[in-house]
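Engineer: just a sequence and a predicted model for now, questions to come.
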Protein chains: 2
Amino acid sequence: MWAQICVVQFPAMKEKISVSEAQQTVLDASPRLGGETLSFGAAQGRILAEPITAGRTLPPLDNSAMDGYALRSEDLAQASPDNPIGLPVVYEVPAGGQGARPLVAGEAARIFTGAPVPAGADTVVEQEVVEAQGDRANFRAPVRSGKHIRRAGEDVKAGEVVLQPGIKLGPGQLGLLASVGRTFVHVVQRPRVALLSSGDELVEPDGDSTGGRIVSSNSYSLAAQCRELGVESNYLGIARDTPESVEKHLRAGLGSDILIASAGVSVGDHDHVRPVLEKLGCKLLFWGVRMKPGFPVTFGRFEPGQGPLVFGLPGNPVSAMVCFEQFVRPALRSMMGYRDCFRSTIEARLTHAMKKKAGRLNFVRVCLERRDSQFWATSTGTQSSGALSSMAIAQGLLIFPSAAETLEEGTVVKVQVLEEGLLGNSSSLVIDE
Amino acid sequence: MWAQICVVQFPAMKEKISVSEAQQTVLDASPRLGGETLSFGAAQGRILAEPITAGRTLPPLDNSAMDGYALRSEDLAQASPDNPIGLPVVYEVPAGGQGARPLVAGEAARIFTGAPVPAGADTVVEQEVVEAQGDRANFRAPVRSGKHIRRAGEDVKAGEVVLQPGIKLGPGQLGLLASVGRTFVHVVQRPRVALLSSGDELVEPDGDSTGGRIVSSNSYSLAAQCRELGVESNYLGIARDTPESVEKHLRAGLGSDILIASAGVSVGDHDHVRPVLEKLGCKLLFWGVRMKPGFPVTFGRFEPGQGPLVFGLPGNPVSAMVCFEQFVRPALRSMMGYRDCFRSTIEARLTHAMKKKAGRLNFVRVCLERRDSQFWATSTGTQSSGALSSMAIAQGLLIFPSAAETLEEGTVVKVQVLEEGLLGNSSSLVIDE
């Protein structure tokens, strides 16, 4: 009886699940964070959490799209090359000002781009086709009413919703906020992230690396992966291989939204992260994902409001980075209010054959080359989970399905794109053809 | 005679040139900036300006890839399910430590992932297939020499170049720098950018917008476009429509690498930017590019070391942003050390017909939708150069070639992708098939 109640309250941790099941578990546990109000200058890259209603009409008044002359179109009805019509230029409309008085029949006003069209005028003639003579101007063609006039409200009408919640605030959105005078906006918060690593063999980059000690590089690559999403993290340091040290470091991160531990998550005698998390009240949701690298990844959560989501990432540098991509990044993006939380894939052809054992989905580090409209994928070299050098140059992670054992040269495969800019930049000028 | 010398020293400004000619002119005038030395924690996103030679070997020693037992493979040559071989476990190798002494024939040592393989041992047996009994361990299968051992130098060998100049420092690169203990690196500088706008009709976002005055939104959208590249700008404010005010504002930006003025670059009576720039010693390289929006864009330079590159962008909000994309962004990226300085294009099909006059290349604001592996492009609405709302939601700029007058529904067109993340994120889990 008790056992059954316990199962309901604390569902058993899932083990050795698929990548997609693990991703779905993470996504389900990562609801969007609340909102906060920021000056729009600090809101770049944030997701808008409110609809923006324009408080003003843009442009505010009918205005000229050209430098030229404002007048009544009916006054030029008879104009032609052989019958030029001359009109007195009775005043100039300054930018940011208004016409001195309404124009009447037979008058023209000098006007510049953006200046309000004076009352009485219904059209603008561009200066290139006008002969100016002192305070008169000659016109040699008729003009239709409304020409070269930008109408009030053409861009935005007061009361209209100009930005919907859920949109990312980029340059165009920020310009629009400025235009309608909305200088404070409600946006989705950013997650607070804490990072730690564990292991007696680890030192900081400036530490003593003799005797087989190695640098705790994961903290720096994971912090950089967070920063790519606009998220700063707190680094809690290196826990030693004792339950006490691991507990002390984990406790320091319990006030965050996401706590990321690297190493110590397997089942060895020195892997203290999982038992200490459970002691602290964390419910482990999964351990072990059928993938390589990254198999021993662990995910847990505290009761809502009681503590963070916790990711236990493997200690190997590539495993940690690959697990971040598959699980931590989607959690961060979901909390930040994005709807598209996962890396997308492209199709690429293999430049060479690959093989592996069946059973686990492999993420193979590859470079991508675009030939015509086809991408080609090539392994970056050793796929050891410790070989950070082959991760550093990877542009994508090739998805080698779990059941497959071989991929022939030329096979079309799916590749997760790691570099967002990969498809965003080119060395080619704009081609006009 | 003098005229000819002047022509040689100050080549005539080009007018009404093509987009690609203007882009090439900008690129030729934008050499890579010099280097600076930064702590690697501050170098994220920068282009490396030196080769990084590893000062250490990684992993530093042969180490175990598994939790298990280190031993001599020859001791298990006769092991089988029916003939288990028991070995004494003579010590444990701590992570970050060393074996107490070399192993001799007939001995095993407990070992954990990442711990150095003790001298004398040539293989590791994973704990899952070993029966531990007190201080002995039983083995029921032979094992090949070298199994589960990560070799010293598998990732990096001391003296090897691990990162080449020209690479962008992302998470993998930063992790690698940490690993080899390189905590200060030489990277390409970021350009110093100054921004100003001009026009008597302009106010700041918190200013009085009655009487047809409008917000100087360009400064904010252009600053955000710079920030997307990791470049902070100095905002010099709004110049009034007098030569004196324009000169004062332009002078304030002469110490920058790139000076961006918006508005005042056309040929009207109130367009003071060009004459003031020439008075200050700036050589104008082009005025007028056969594109829409953005025709009156102006580009100039001072003698090297005497002043910045100067972009005079049109005042209309969309024109300014589109000109930034085509000309300013490539200049910034080139100075920052990128080789791929331009937005790349994808092919998309049109969901509807479009028309325009022949003569100028049009950049049409579009949304992009991916159906299967095909992108479809749809206009975001009014293409007025003042309609920021239709720019704010654009994901790409469709290239409507200058000679063309119509594009039929279903036509395959080239679209410049504005959102780098467009192809980088997806709402789909990893599919294992």
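Structural biologist: Arrived safely, thanks for sending.

Engineer: all strands of the stretch 1-150 of chain A, in order?
Structural biologist: For the stretch 1-150 of chain A, the strands defined by DSSP state E, counting those that start in this stretch occupy A:14-17, A:35-39, A:52-53, A:63-64, A:68-71, A:85-93, A:108-111, A:123-126, A:130-133, A:136-139, A:149-150.

Engineer: want to throw these into JSON lines with distance to chain B and mean neighbour count?
Structural biologist: (Each C-beta comes from the backbone N, C-alpha and C, glycine too.) Below are the strands of the stretch 1-150 of chain A laid out as JSON lines (distance: least, Cβ to the nearest Cβ, whole Å; neighbours: other Cβ atoms under 10 Å in any protein chain shown):
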{"stretch": "strand A:14-17", "distance to chain B": "11", "mean neighbour count": "14"}
{"stretch": "strand A:35-39", "distance to chain B": "10", "mean neighbour count": "14"}
{"stretch": "strand A:52-53", "distance to chain B": "10", "mean neighbour count": "17"}
{"stretch": "strand A:63-64", "distance to chain B": "7", "mean neighbour count": "26"}
{"stretch": "strand A:68-71", "distance to chain B": "9", "mean neighbour count": "26"}
{"stretch": "strand A:85-93", "distance to chain B": "9", "mean neighbour count": "18"}
{"stretch": "strand A:108-111", "distance to chain B": "8", "mean neighbour count": "26"}
{"stretch": "strand A:123-126", "distance to chain B": "11", "mean neighbour count": "23"}
{"stretch": "strand A:130-133", "distance to chain B": "11", "mean neighbour count": "13"}
{"stretch": "strand A:136-139", "distance to chain B": "14", "mean neighbour count": "18"}
{"stretch": "strand A:149-150", "distance to chain B": "6", "mean neighbour count": "22"}
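
Engineer: so A:R251, which of the three states?
Structural biologist: In the three-state summary, A:R251 is assigned as helix, counting by DSSP: H, G, I helix; E, B strand; the rest coil.

Engineer: contacting residues around it?
Structural biologist: If a contact means Cβ atoms under 8 Å, 6 or more residues apart in numbering or on different chains, then A:R251 has A:L280 as its contacts.

Engineer: repeat that with 10 Å
Structural biologist: By Cβ atoms under 10 Å, 6 or more residues apart in numbering or on different chains, A:R251 lies in contact with A:236, A:276, A:280, A:307.

Engineer: same check, this time on A:W287
Structural biologist: Contact analysis of A:W287 by Cβ under 10 Å, 6+ apart lists A:13-17, A:265-267, A:274, A:295-300, A:312.

Engineer: buried subset of the residues you listed, written for ChimeraX?
Structural biologist: This is the ChimeraX syntax for the buried subset of the contacts of A:W287, where burial follows 16 or more other Cβ atoms under 10 Å in any protein chain shown:
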select /A:13,14,17,265,266,274,295,296,297,298,299,300,312
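
Engineer: got the buried residues for stretch A:330-340?
Structural biologist: Using 16+ other Cβ under 10 Å, the residues of stretch A:330-340 that count as buried are A:330-338, A:340.

Engineer: next one: stretch A:53-60
Structural biologist: Within stretch A:53-60, the residues that count as buried by 16+ other Cβ under 10 Å are A:54, A:56-60.

Engineer: next, count neighbours for the closest residue to A:R151 other than its chain neighbours.
Structural biologist: In space, not counting the residues next to it along the chain, A:R151 is nearest to A:D62; the distance is 5.6 Å by Cβ to Cβ, 6 or more residues apart in numbering or on different chains. The tally of other residues near A:D62 (other Cβ atoms under 10 Å in any protein chain shown) stands at 21.

Engineer: my read: A:D62 touches A:I111, true?
Structural biologist: No. With contact defined as Cβ atoms under 10 Å, A:D62 does not reach A:I111; the gap is 11.1 Å.

Engineer: between those two, what contacts are shared?
Structural biologist: Between them, A:D62 and A:I111 share the neighbouring residues A:70, A:117-118, A:121, A:124, with contact defined by Cβ under 10 Å, 6+ apart.

Engineer: okay then, goodbye and thanks.
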